[in-house]
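In: let's see this in three dimensions:
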Amino acid sequence: MWLFLFALWIVLNGRVTVELVIFGVVIASAVTFFANRIIGYSSSIERRLIRNFPVFLIYIVNLIWEIIVSAFKMCDMVYSAKAPEPVIIEFHSGFQTQLQNVLLANSITLTPGTITLFQEGDHFVVHCLRGEFGEGIEESSFVKLLRKIK
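Out: Modelled structure (predicted):
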């Protein structure tokens, strides 16, 4: 985190001088100290994020793809004048970490045609405009990728 903050300081200043480097070291150290002491941030979180970076990158690409595919399905539903047949689906993700559950809930909501109504722990309640939008949601590509996070 310190290295990222220091690099951000240098990039945002646009030049490198002795004064800027000294101020950058002091400010990056102060912010890192604040994050560690007050917010409870630790370097183990950083290591975990770096270790799972390839999975997160694949997850983001997959999320964008699913948003595009769902948007076309929504366009087809709208332009073909098919009446929505809303359904509410309840399922358990089986994830133990809050990060995995929140990522799944937000990904479902970002995908057109579905909204996460309720999420507590690994229990989800999802509203789908059509039943087909919710089919296999318990074993979707989101869930499979999130299982790879260690």
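In: which element is residue 117 on?
Out: In this assignment (DSSP states H and E), residue 117 forms part of strand 114-120.
In: to clarify, my last question referred to residue 112.
Out: Here residue 112 is assigned to no helix or strand, by DSSP H and E.
In: packing partners of the top helix by length along the chain?
Out: The single longest helix within the chain, with elements called by DSSP state H, is helix 53-79. Other helices and strands packing on helix 53-79, by 3 or more CB pairs under 8 Å, 6 or more residues apart in numbering; DSSP states H and E, are helix 98-110, helix 141-147. From N, CA and C alone the C-beta is placed, and that goes for glycine too.
In: parallel or antiparallel, list what pairs with the next helix or strand after that helix.
Out: Using DSSP H and E, the next helix or strand after helix 53-79 towards the C-terminus is strand 87-92. Strand pairing for strand 87-92, using DSSP bridges, gives strand 123-128 (antiparallel).
In: what's in contact with the strand it pairs with?
Out: 86-93, 104-105, 108, 113-119, 134, 137 (CB atoms under 8 Å, 6 or more residues apart in numbering).
In: give me the neighbour count for residue 142.
Out: 22 (other CB atoms under 10 Å).
In: please apply the same query to the one 4 residues further on.
Out: The criterion is other CB under 10 Å. On that basis, residue 146 has 22 neighbouring residues.
In: give me the pLDDT for the residue lying closest to it once chain neighbours are set aside.
Out: Spatial nearest neighbour of residue 146, chain neighbours left out: residue 100 (4.7 Å); criterion: CB to CB, 6 or more residues apart in numbering. We have a pLDDT of 91 for residue 100.
In: mind checking how far the lowest-mean-pLDDT helix or strand in the chain is from the chain centre?
Out: Least confident element among the helices and strands of the chain, by mean pLDDT, DSSP states H and E: helix 43-51 (a mean of 80). Distance, stretch centre to chain centre, for helix 43-51: 16 Å (CA atoms, centre = their mean, to the nearest Å).
In: got it, and stretch 97-116?
Out: Centroid separation for stretch 97-116 versus its chain: 8 Å, with CA atoms, centre = their mean.
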